[in-house]
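Trainee: Take this sequence and fold it.
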Amino acid sequence: LLPPPPRSLLLSSFQYFSTAISDYYDSNSQRVQPRVSWMEKVEKDDPQYRDRNTRNFCGDEELFRGDLEVLRSRYNQSEGLHTWQQMYGCELQANRSKGGFMQYGYEGRTFITFDKETLTWVAPDPQAQISQRRWDALPAHNQFLKSYLEEICLDWIRKYLSYGKEMLLRTAAGPEVEDGMETHICRVDGFYPREIDASWTRDGEVWLQDTFHGSVAPNADGTYHYWLSVRIDHKERGRYRCHVEHDGLQEPLDVAIKGESLSSPQFPAWNSTYAKHQEQLPFCLEFPKHQNQEESGSSFSQCQISFKVRNCV
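Mentor: Just a heads-up that it's a prediction; the model follows:
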């Protein structure tokens with residue numbers, strides 16, 4: 001996520017498919033931008049794709065800003081920097097089972113999670129339980145979310161795989177092997193803020209021998225990436241882990257070397273709002289269709305916001 005600009009709100013959204021970022025949006029450009037070349041194929045077959053997603057994210061920007069004002073009041077917080085995040089996704093397993101999830105986070109902690117099997121919401125604290133009661137009282141909307149995660153979302157995955165299969169289905173190269181020793185590389189990508197603690201461990205202890213690491217470097221979308229390598233005896237592969245600690249993780253992550261390659265640590269695909277509250281906002285906002293700057297005097301020149309139904313916190 002990008003650092004806050006000198007304005008009241010920054011919304012950054014990423015769409016992830018497999019380990020590739022396909023689209024990016026923030027409130028400075030207020031325009032969805034492709035991040036992979038195969039998205040050109042998507043837009044060729046669906047010319048309205050970028051405009052449609054831009055309108056969706058513009059609507060989210062306003063809704064999230066209203067949510068933040070409510071949450072700040074609910075938690076009795078002062079003005080300042082606060083974080084409201086949404087994460088959702090779906091999976092199509094090899095056995096054809098369908099996985100899906102949706103959750104919201106506030107100040108880096110889980111706020112509320114959707115249980116698509118019971119069509120209810122799970123909230124860990126009293127402030128979130130206010131939202132839980134409101135959202136549980138909307139069974140038709142919750143049924144739609146379940147259908148979205150199990151049907152519509154999976155249809156999009158199949159479509160994206162058909163466009164970007166050369167990139168999305170690529171396999172990692174095996175380790176370099178010399179005299180029974182092999183080199184493994186742990187790549188950590190898509191994290192923010194910049195500070196990260198990553199190391200190799202052997203039997204749970206930090207291992208420094210024959211290790212190398214790069215520098216934390218920025219990605220084009222404002223996140224960061226980092227790598228570190230280790231040279232080991234191939235017979236002891238099971239003793240090693242890539243250990244990662246970061247504010248974006250709820251708990252430290254230990255990734256094992258599997259087979260001929262290492263599974264790279266992946267950070268969640270959050271739709272995130274960072275806001276400095278400088279004005280009072282209603283907690284639930286509605287917008288007429290195709291509102292633009294010329295008609296309303298709004299500073300959101302790229303946004304043509306159509307009304308979007310979503311639960312307010």
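Trainee: how deep is the nearest residue to residue 143 once chain neighbours are set aside tucked in, by neighbour count?
Mentor: Of all residues not flanking residue 143 in the chain, residue 119 sits nearest, at 6.1 Å (CB to CB, 6 or more residues apart in numbering). All C-beta atoms are positioned from the backbone trio N, CA, C, and that covers glycine. Taking other CB atoms under 10 Å as the criterion, the count of residues near residue 119 is 17.
Trainee: Tell me which other helices or strands the lengthiest helix in the chain touches.
Mentor: Among the segments of the chain that qualify as a helix by DSSP state H, the longest is helix 49-74. The contact analysis (3 or more CB pairs under 8 Å, 6 or more residues apart in numbering; DSSP states H and E) places helix 49-74 against strand 9-17, strand 20-26, helix 39-45, strand 81-92, helix 126-136, strand 271-276.
Trainee: Just the buried residues of whichever strand or helix holds residue 255, please?
Mentor: Using DSSP states H and E, residue 255 sits in strand 253-258. Buried residues in strand 253-258, counted by 16 or more other CB atoms under 10 Å: 253, 255, 257.
Trainee: Direction included, what does it pair against?
Mentor: strand 240-245 (antiparallel), strand 261-262 (antiparallel) (DSSP bridges).
Trainee: Just name the most buried of those strands.
Mentor: strand 240-245 (a mean of 20; mean count of other CB atoms under 10 Å).
Trainee: Show residues contacting that one.
Mentor: With contacts defined as CB atoms under 8 Å, 6 or more residues apart in numbering, strand 240-245 is touched by 184, 186, 188, 196-202, 204, 206-207, 228, 230, 232, 252-257, 262, 265.
Trainee: Show me where the chain dips below the pLDDT cut-off.
Mentor: Residues of the chain meeting the criterion pLDDT under 70: 1-21, 92-96, 165-179, 220-222, 259-312.
Trainee: so the closest residue to residue 91 other than its chain neighbours, which of the three states?
Mentor: Sequence neighbours aside, residue 99 is the residue nearest to residue 91 in space, at 3.7 Å (criterion: CB to CB, 6+ apart). Using DSSP: H, G, I helix; E, B strand; the rest coil, the three-state assignment for residue 99 comes out as strand.
Trainee: Roughly how far does residue 99 sit from residue 251?
Mentor: Residue 99 is 21 Å from residue 251, where distance means CB to CB, to the nearest Å.
Trainee: cool, residue 181 as well?
Mentor: For residue 181, the distance to residue 251 equals 32 Å [CB to CB].
Trainee: cool, and residue 187?
Mentor: 20 Å.
Trainee: Counting neighbours, go ahead and name the busier of those two.
Mentor: The residue with more neighbours, out of residue 187 and residue 251, is residue 187; 18 against 6, by other CB under 10 Å.
Trainee: Check whether that one really touches residue 217, as I assumed.
Mentor: No - Residue 187 lies out of contact with residue 217 (CB atoms under 8 Å); the separation is 11.3 Å.
Trainee: list residues touching both of these two?
Mentor: 225, 226.
Trainee: Residue 195 touches residue 224, doesn't it?
Mentor: No - in this structure, residue 195 is not within contact of residue 224 by CB under 8 Å, at 9.3 Å.
Trainee: which of the two has more neighbours?
Mentor: Counted by other CB under 10 Å, residue 195 and residue 224 do not tie: residue 224 has more neighbours, with 21 against 11.
Trainee: Now do the same contact list for that one.
Mentor: Residues near residue 224 by CB under 8 Å, 6+ apart: 190, 191, 192, 194, 196, 216, 217, 218.
Trainee: Mind checking which of these land in strands?
Mentor: Among these, DSSP state E puts 190, 191, 217, 218 in strands.
Trainee: so what's residue 105 up against?
Mentor: Applying CB under 8 Å, 6+ apart, we find residue 105 in contact with 83, 84, 85, 86, 87, 111, 270.
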